[in-house]
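# The following block contains a protein sequence and its predicted model.
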Amino acid sequence: MSHVKAGGTSKNIHNNAGQRLGVKRFGGQKVNAGEVLVRQTGATKLAGEGTYMSRDFTIHAGIAGVVGFNKVKKNHFTGKTVPRTQVTVQ
């Protein structure tokens, strides 16, 4: 038998900073090209006209203009349609 004492538990090690997700620029606000509009995990909101989505699903303004949000129906690969919010800059 080994003669190593049992290790204790550590309960307060899960102390991570938040990811600061969410909508950063709201409808009707003026934005410049390249500004972050939405930080998200997964494509919960879609990039529309005047915007683009980066690798981590962040939606940026592609052009300078005014932010808008529209409800659209997106087709899933199963054929089901699901409602999504589309972010646009005009």
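Here it is on my side, so go on.
# so where's this structure uncertain?
1-2 (pLDDT under 70).
# In it, which strand is the longest?
strand 65-75 (DSSP state E).
# List the strands paired with it, with their directions.
strand 30-31 (antiparallel), strand 81-89 (antiparallel) (DSSP bridges).
# Need the contact partners of the longest one.
Applying C-beta atoms under 8 Å, 6 or more residues apart in numbering, the set of residues contacting strand 81-89 from outside is 31, 37-38, 44-51, 59, 61-76. To be clear about C-beta, it is placed using only N, CA and C from the backbone, and glycine gets the same treatment.
# Can you list the buried residues in the helix or strand harbouring residue 60?
Assessed by DSSP states H and E, residue 60 sits inside strand 59-61. Within strand 59-61, the residues that count as buried by 16 or more other C-beta atoms under 10 Å are 59, 60, 61.
# Not counting sequence-adjacent ones, nearest residue to the most centrally placed residue in the chain?
Nearest residue to the geometric centre of the chain (C-alpha atoms, centre = their mean): residue 40, 1.2 Å. Distance criterion C-beta to C-beta, 6 or more residues apart in numbering; nearest residue to residue 40, sequence neighbours excluded, is residue 57 at 5.1 Å.
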